[in-house]
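Trainee: 3D model of this:
(2 chains)
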Amino acid sequence: AQTVTQSQPEMSVQEAETVTLSCTYDTSESDYYLFWYKQPPSRQMILVIRQEAYKQQNATENRFSVNFQKAAKSFSLKISDSQLGDAAMYFCAYRNYLENYGQNFVFGPGTRLSVLP
Amino acid sequence: KAGVTQTPRYLIKTRGQQVTLSCSPISGHRSVSWYQQTPGQGLQFLFEYFSETQRNKGNFPGRFSGRQFSNSRSEMNVSTLELGDSALYLCASSLEFEQPQHFGDGTRLSIL
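Mentor: The predicted model follows:
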């Protein structure tokens, strides 16, 4: 079964600084997608970034970038120039798109990020 | 464009009752997924529908069921409610099942 691990339950960063959130996963599949979602206190889950496993190039979205190491099954998120609005719970997630596969979308336990002014 | 709409936002039930939650996806989206979020278990996948067909189901008992209508709106039903069913239930939709998902605000279900 697929598992996603986030070893940092909580992290904090100074405004304008850079922070990296860690994520490791386990799967026997070769084709899959990895995601980072953020969930602010307002509770709506928002997609931050998505990475297709077949792509070697790391995904980037403005201040957000990932370090995807497929062999190591590692998928970390780097937030540059942190802003107060980045404070949220961040979830790393694994997904495959196989049909009738059962638990095909697995979330990590989350990392609560605080941004200090 | 309106986002994913979940109704109701809050619901209080007692043990043994049943409940139906509704999700209206973004217009044009054909895939709808449901998730349960609790402090103890985190986010767990419930089921995924695409064009009225269930594509996948997570590891939940048969008391949890769902369906999708021809207009892509989806409902999930939980029968014989237990205290442990208290959770935030999130719905997400996507254009096609392999496209990024957009989440709704969720329905907070409390079981007394």
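
Trainee: Skip ahead from the helix or strand bottoming out on mean pLDDT in chain A and say which helix or strand is next.
Mentor: The helix or strand of chain A with the lowest confidence, counting by mean pLDDT, DSSP states H and E, is strand A:105-107 at a mean of 89. Using DSSP states H and E, the helix or strand that follows strand A:105-107 in sequence is strand A:111-116.

Trainee: helices or strands next to that next one in the packing?
Mentor: Under the contact definition 3 or more CB pairs under 8 Å, 6 or more residues apart in numbering or on different chains; DSSP states H and E, strand A:111-116 sits against strand A:10-14, strand A:19-21, strand A:88-95. (Glycine included, C-beta is placed from N, CA and C.)

Trainee: Now with 6 Å, please.
Mentor: When contacts are defined as 3 or more CB pairs under 6 Å, 6 or more residues apart in numbering or on different chains; DSSP states H and E, strand A:111-116 packs onto strand A:10-14, strand A:88-95.

Trainee: Low-confidence ranges, the chain, go.
Mentor: Unless you meant another one, I'm taking chain A. By pLDDT under 70, the weakly predicted segments of chain A are A:99-103.

Trainee: my bad, chain B
Mentor: Looking along chain B with the criterion set at pLDDT under 70, you get B:1.

Trainee: give me the element the residue most central in space within chain B is part of.
Mentor: Compute the mean C-alpha point of chain B, and by CA atoms, centre = their mean the closest residue is residue B:34, 3.5 Å away. Following DSSP H and E, one finds residue B:34 within strand B:31-38.

Trainee: Between strand A:88-95 and that strand, find me the angle.
Mentor: Inter-element angle recorded for strand B:31-38 and strand A:88-95: 130 degrees (by axes from the mean of the first three to the mean of the last three CA atoms, to 10 degrees).

Trainee: which residues sit against strand B:31-38?
Mentor: Contacting residues not belonging to strand B:31-38 are listed as B:23, B:25, B:43-50, B:68, B:74, B:76, B:87-94, B:97 [CB atoms under 6 Å, 6 or more residues apart in numbering or on different chains].

Trainee: Now it - C-alpha only, PDB.
Mentor: Presented in PDB, the C-alpha positions along strand B:31-38 are these (Å, rounded to 0.1, in the frame of the first residue of the first chain):
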ATOM      1  CA  SER B  31     -14.800  14.000 -11.800                       C
ATOM      2  CA  VAL B  32     -15.800  14.200  -8.100                       C
ATOM      3  CA  SER B  33     -13.900  12.800  -5.100                       C
ATOM      4  CA  TRP B  34     -14.800  12.700  -1.400                       C
ATOM      5  CA  TYR B  35     -12.400  12.700   1.500                       C
ATOM      6  CA  GLN B  36     -12.800  12.500   5.300                       C
ATOM      7  CA  GLN B  37     -10.600  14.600   7.500                       C
ATOM      8  CA  THR B  38     -10.200  13.900  11.200                       C
END
